[in-house]
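[1] Need a 3D model of the following:
(2 chains)
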Amino acid sequence: MTTAAIPPNFWTSTRRSFAATIRRDGFGLLAMIVLILVILGPLYSVVLWAFAERWQYPSLIPTQFGLRYWGETFSRADILRALPFSIVLALVVTLLSAVICLPAAYAFARMKFRGRQLLLLSFLATNAFPRFGLYVSIAVIFFRLNLIGTVQGVILIQLVNTLLLMIWIPTAAFQAVDRSLEEAALDVGASPLRVFIQITLPMVMPALSAALLLTFVNTFYEAQGALIVGLPRVVTMPVLMYSLINSQLVVQYGAVVSFVLWMPSLLLLLVANRLLRGGYLTAGFGV
Amino acid sequence: MATLDLIGLTKRFGSVTAVDTVDLTVADGEFMCILGPSGCGKSTLLRMIAGFEMPTEGDIRIGGESVTPLGANKRPTAMVFQKYTLWPHMRVFDNIAFGLQLRRLPRAEIARKVEEALALVSLSGYEGRFPSQLSGGQQQRVALARALVLEPKILLLDEPFSSLDAILRVRLREELRRIQRRLKITAIFVTHDQEEALTLADRIAVMNSGRVEQLAAPTQIYDNPATLFVADFIGAMNLLTAQVRGGQIALDGVALDAPDGVRDGAVTVAIRPEDLALLPDGDHAGAWRASVEQISDLGHYRRAILETPSGMIKIYLPKTAAAEEGSAVSAFVRRYLVYQDGAPPREVTRPLPAQALTV
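    Have a look, this model is predicted:
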């Protein structure tokens, strides 16, 4: 940081333009403040709790900061089991979803068949109705199939969740690839497979990566399905977090776990956002 | 470098016949333009030659050998597309080198060939650019280099310059002709722009609703359009329908001699605007009495629209010709073509009377 780079009138001019903004756009400013309070307020409290060793009313910040509860949280057997399990589970679900959905997305984008539009819209169904109701009825079927409390059951129900993103974003991405770019590659002698690998795939890669990242993040945080189908034997991190928040007297456990769960998703979402600059998401929802 | 033979080539999409039994032979090193209005089947024809569309019937032979069963990636053709089709994730070098790499050429040879190809299209030094850093004209030149670097037997071009502005289009057209002459490569160029076809082609195939209406050198296409469609499509033409009675073509306000072989009945008379001459106002044999409706000065010549008893007639005059809007003149027909019942046209030329105002 070089303070020398700041022009001498920086602060006065900033203050002046800020005042002008308030005069011009008082409502916008008000809305911004409300949003900051509503969105950042809870985050503020969670972050502070995660690093608080003691926090007594009426102090606005913890009375004693420290990492004591981090050590305690990460020596709990249930967390040491759930964290790696959740990561592996999310990876497996994402991979399976990709194997199932990406060829389907390619077909949706490139082939004309009866009911294409209807099928594409049908993937909205899982998002159009209350998720919980859907899960309960699935759980009834799973119960008969002996899938309750099994890892397979959790994988299946989480796969349902991933369909929309993993179909729609890649479909839009494949559609956005100009066919004549592929024809040009065919024309210079590339086989259809090589055209797909060297021309089509690199052009859809940003969108595919974004879909994979978003799917991983969504799956990693998926709690409702895992809760209904997985318990009592299969416990993922978000499910564990629920029970820590609900049934523990020590607030810090829940806070530390929440904080730990945020970080990867925050980073991945930032990356996904960059990758999605191409407008694939909006293109996908404009089917 | 090779000959191309299309034999009874037909393409149907459902009930629509896009290309209808086309027979065409392109000589080695010839520059052939396929010219026609949009929807005439010219692009489908080219895409069949490239291998992107499979013909419904017929055969395509390159250098005497049938390539019809081969896919686009196996044919010795290379295409320059209408749209910009450089691969956006590859630099210019890789775009051009892609086809060579597929052929497993040594690295040094690839580099040398890419460099030569770029020099050919005057883009040396652009190897490291991405397509998005190039202008439209530069992108199409790279696309041309990408096609030429593979030394294809047939170069195919599908309206490659149609999305460029007029000045650039003319410049690239000249550049393409120069390169084609130098490499002596057989080229098929599809266009709807007749000026492009007339300037580029050794021969032009004029297409209409899936068929070749005329196949000839540019001058012949212009001077002797084989059908009424070609007469109307190429250049400006006055087309007048009339009846033939007793060896005379009875147009309103003028009677022209019917050439030998034209029977009594309906005919269409075609007159190029430059085949009319102005005479002083008065009655002359084979001339309309007319008034000058409108004059436009187009630089090196003047275009006038005359009102005659047969309707509005377009005429080109030298820029020195004295004519004013509203003045009364006579319009003498120096040369005309007579079309009857789909037969080849019959041409009549007549000597210009001495009192002509224009040459």
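[2] what's the domain layout of chain A?
    A:10-40, A:78-284 (automatic domain parsing).
[3] so for the first one, what's the average pLDDT?
    Averaged over domain A:10-40, pLDDT sits at 74.
[4] From B:Ile96, how far out is whatever residue of the stretch 51-200 of chain A ends up closest to chain B?
    Using C-beta to the nearest C-beta, the single residue of the stretch 51-200 of chain A nearest to chain B is A:Val188, 3.2 Å away. For glycine as for every other residue, the C-beta is placed from the backbone atoms N, C-alpha and C. With distances taken as C-beta to C-beta, to the nearest Å, A:Val188 is found 9 Å from B:Ile96.
[5] and for those two, which residues touch both?
    Common neighbours of A:Val188 and B:Ile96 (criterion: C-beta atoms under 8 Å, 6 or more residues apart in numbering or on different chains): B:Arg146.
[6] who's more crowded, the two?
    For A:Val188 and B:Ile96, the more surrounded residue by other C-beta atoms under 10 Å in any protein chain shown is B:Ile96, and the numbers stand at 30 against 25.
[7] returning to that earlier point: so the residue of the stretch 51-200 of chain A closest to chain B touches B:Pro152, yeah?
    No - counting by C-beta atoms under 8 Å, A:Val188 does not reach B:Pro152; the two are 9.3 Å apart.
[8] Quick check: neighbours shared by these two?
    Joint contacts of A:Val188 and B:Pro152 (C-beta under 8 Å, 6+ apart) are B:Ala78.
[9] how about the residues of chain B that lie near chain A?
    B:50-52, B:71-74, B:77-79, B:81, B:83, B:85, B:87-89, B:98-99, B:102-103, B:143, B:146-147, B:150 (C-beta under 8 Å from any C-beta of the partner chain).
[10] of those residues, buried ones?
    B:50-52, B:72-73, B:77-79, B:81, B:83, B:85, B:87-89, B:98-99, B:102, B:143, B:146-147, B:150 (16 or more other C-beta atoms under 10 Å in any protein chain shown).
[11] ok, the closest residue to chain A within the stretch 51-200 of chain B - contacts?
    When distances are taken as C-beta to the nearest C-beta, the stretch 51-200 of chain B reaches nearest to chain A at B:Gly99, 3.2 Å away. The contact partners of B:Gly99, by C-beta under 8 Å, 6+ apart, come to A:Val188, A:Gly189, A:Ala190, B:Ala78, B:Arg146, B:Val149, B:Leu150.
[12] can you tell me the helix or strand for it?
    Assessed by DSSP states H and E, B:Gly99 sits inside helix B:92-102.
[13] average pLDDT for that helix?
    Averaging pLDDT along helix B:92-102 yields 95.
[14] Same check on stretch B:226-243?
    Stretch B:226-243 shows an average pLDDT of 93 in the prediction.
[15] what does that stretch rub up against?
    By C-beta under 8 Å, 6+ apart, the residues outside stretch B:226-243 that reach it are B:35-37, B:194, B:198, B:206, B:208, B:213-214, B:216, B:221-222, B:225, B:249-251, B:264-273, B:276, B:310-311, B:313-314, B:316, B:337, B:339, B:342, B:344-345.
[16] can you tell me how far B:Asp232 sits from B:Arg272?
    Applying C-beta to C-beta to B:Asp232 and B:Arg272 gives a distance of 12 Å.
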